[in-house]
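Q: I would like the atomic coordinates for the input below:
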Amino acid sequence: MAADQPPVIPDVRRSFVEARGVRFHVTEAGEGRPVLVLHGWPQHHYVYRDLLGNPPEGLRVIAPDLPGYGWSGAAPHRWAKDDVASDVFALMDALGLEKDVLLVGHDWGGYVGYRMVLREAERFRGFLVMNMAHPWAPKGDVARQFWRLMAYQPLMATVGVPLHRRTRFLEWMFGAGTSGGMDRETIRIFAERFRDPVVARTARDTYRTFLLKEIPASARTPERRRATVPVRALFGKDDAAVHYSLAAAETAQADDYTLELVEGCGHFIVDERPELVRERLVELDRATR
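A: Next up is the predicted model:
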């Protein structure tokens with residue numbers, strides 16, 4: 001499989017959709033209630049290959065590559081997460097997704113997803129978020145876990161382009177970041193896409209903007225909005241990058257929030273526990289009909 005072509009997932013529908021200056025690559029499967037699934041770094045839509053290859057009955061799984069990632073065009077901004085949320089809302093408008101949408105997000109896709117459900121809750125019926133801190137984590141809890149960010153994020157924000165394009169850092173990182181492992185071909189499919197200069201720059205900007213602008217902004221002005229849609233947090237407990245304490249139910253400012261910790265699972269929970277992710281999505285669909 002050439003790195004410039006999307007990986008094969010049988011029977012999916014692929015399209016390119018222009019929205020807010022971004023040429024989105026969108027992969028879909030299934031029919032029925034829309035489920036918008038957002039990936040994180042260092043991945044793309046293929047993280048949801050199990051849902052796309054066998055969509056749950058009654059659900060239309062929609063997996064865009066986020067701006068600048070995968071096979072989507074570059075973002076016309078430096079990957080501020082609120083800008084990315086606006087890009088995805090524009091994509092939803094272009095696809096006619098006005099309401100009754102289930103949202104799924106992993107890693108940065110979860111970070112963006114929180115901004116979306118807090119900004120336009122009326123469009124969503126539920127949010128399944130995986131291995132991402134919620135936006136209400138207390139400053140003390142964040143400070144205690146800050147060393148985890150410093151272990152790799154400054155590298156991404158400074159020398160991220162050559163690191164992605166010219167080294168095997170991502171291959172090593174996937175191996176270290178999973179408890180159950182990930183097969184070599186899947187790792188190659190993810191890592192090789194980051195050899196592309198647009199994708200590598202996007203990854204760098206994702207972290208540069210986070211460290212230089214978004215962390216200081218959240219310290220000055222903590223999140224005060226309350227989540228009104230049901231939020232189901234699913235978290236691989238062995239995650240070395242994001243600690244589960246930052247997703248604690250006790251500190252979540254939400255009407256309906258639960259946290260489920262998954263033993264023996266690392267950061268890449270969608271790859272490690274695809275059947276559990278499917279089960280929780282189906283449960284959220286049934287509970288919000």
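Q: how close does G140 get to H267?
A: 23 Å (C-beta to C-beta, to the nearest Å). Heads up, the C-betas are built off the backbone N, CA and C, glycines and all.
Q: Would you mind telling me which of those two has more residues around it?
A: H267 (26 against 8; other C-beta atoms under 10 Å).
Q: Name all residues that make contact with the more buried one.
A: Each residue near H267 by C-beta atoms under 8 Å, 6 or more residues apart in numbering is listed here: 107, 131, 177-178, 236, 239-242.
Q: hey, where'd the helices end up in the stretch 51-200 of the chain?
A: 81-95, 108-119, 139-150, 153-166, 169-177, 184-193, 197-209 (DSSP state H, counting those that start in this stretch).
Q: Mind checking the ones you listed for the one nearest to E28?
A: Set against E28 and scored by C-beta to C-beta, the helices of the stretch 51-200 of the chain come closest in helix 81-95, at 9.0 Å.
Q: which helices and strands does the closest one pack with?
A: Under the contact definition 3 or more C-beta pairs under 8 Å, 6 or more residues apart in numbering; DSSP states H and E, helix 81-95 sits against strand 13-19, strand 22-29, strand 33-38, strand 59-64, helix 108-119.
Q: so for the third one, what's the average pLDDT?
A: Along strand 33-38, the predicted local confidence has a mean pLDDT of 98.
Q: Can you mark which positions in that strand are buried?
A: Counting neighbours by 16 or more other C-beta atoms under 10 Å, one finds that the buried residues in strand 33-38 are 33-38.
Q: again with stretch 227-242
A: 227, 229-239, 241-242.
Q: Kindly reformat those residues as JSON lines containing pLDDT and secondary structure.
A: Converted to JSON lines, those look like this (pLDDT from 0 to 100; DSSP: H, G, I helix; E, B strand; the rest coil):
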{"residue": "A227", "pLDDT": "98", "secondary structure": "strand"}
{"residue": "V229", "pLDDT": "98", "secondary structure": "coil"}
{"residue": "P230", "pLDDT": "98", "secondary structure": "coil"}
{"residue": "V231", "pLDDT": "98", "secondary structure": "strand"}
{"residue": "R232", "pLDDT": "98", "secondary structure": "strand"}
{"residue": "A233", "pLDDT": "98", "secondary structure": "strand"}
{"residue": "L234", "pLDDT": "98", "secondary structure": "strand"}
{"residue": "F235", "pLDDT": "98", "secondary structure": "strand"}
{"residue": "G236", "pLDDT": "96", "secondary structure": "strand"}
{"residue": "K237", "pLDDT": "95", "secondary structure": "coil"}
{"residue": "D238", "pLDDT": "93", "secondary structure": "coil"}
{"residue": "D239", "pLDDT": "94", "secondary structure": "coil"}
{"residue": "A241", "pLDDT": "92", "secondary structure": "coil"}
{"residue": "V242", "pLDDT": "96", "secondary structure": "coil"}
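Q: Which two among these are spaced furthest apart?
A: V229 and D238 (28.2 Å).
Q: what is the mean pLDDT for stretch 141-151?
A: Averaging pLDDT along stretch 141-151 yields 93.
Q: Contacts for it, please.
A: Residues contacting stretch 141-151 (C-beta under 8 Å, 6+ apart): 133, 211, 240-243, 245-246, 248, 251.
Q: again, only using 6 Å
A: By C-beta atoms under 6 Å, 6 or more residues apart in numbering, the residues outside stretch 141-151 that reach it are 241, 243, 245-246.
Q: Then stretch 233-242?
A: 129-131, 133, 148, 179, 244, 247, 259-263, 265-267, 269, 280.
Q: So which of the residues you listed are in strands?
A: Those of the contacts of stretch 233-242 mapping onto strands are 129-130, 259-262, per DSSP state E.
Q: low-scoring stretches of the stretch 101-250 of the chain, by residue?
A: 179-181 (pLDDT under 70).
Q: Tell me the spacing between the most centrally placed residue in the chain and E275.
A: In the chain, the centroid-proximal residue (C-alpha atoms, centre = their mean) is G109; its distance is 2.2 Å. Taking C-beta to C-beta as the measure, G109 falls 20 Å from E275.
Q: just H77 next, same as before
A: In terms of C-beta to C-beta, H77 sits 37 Å off from E275.
Q: Also Y111?
A: 25 Å.
Q: who has more neighbours, the two?
A: Y111 (24 against 8).
Q: For the more buried one, list the residues it contacts.
A: Contacts for Y111 (C-beta under 6 Å, 6+ apart) come out as 81, 132.
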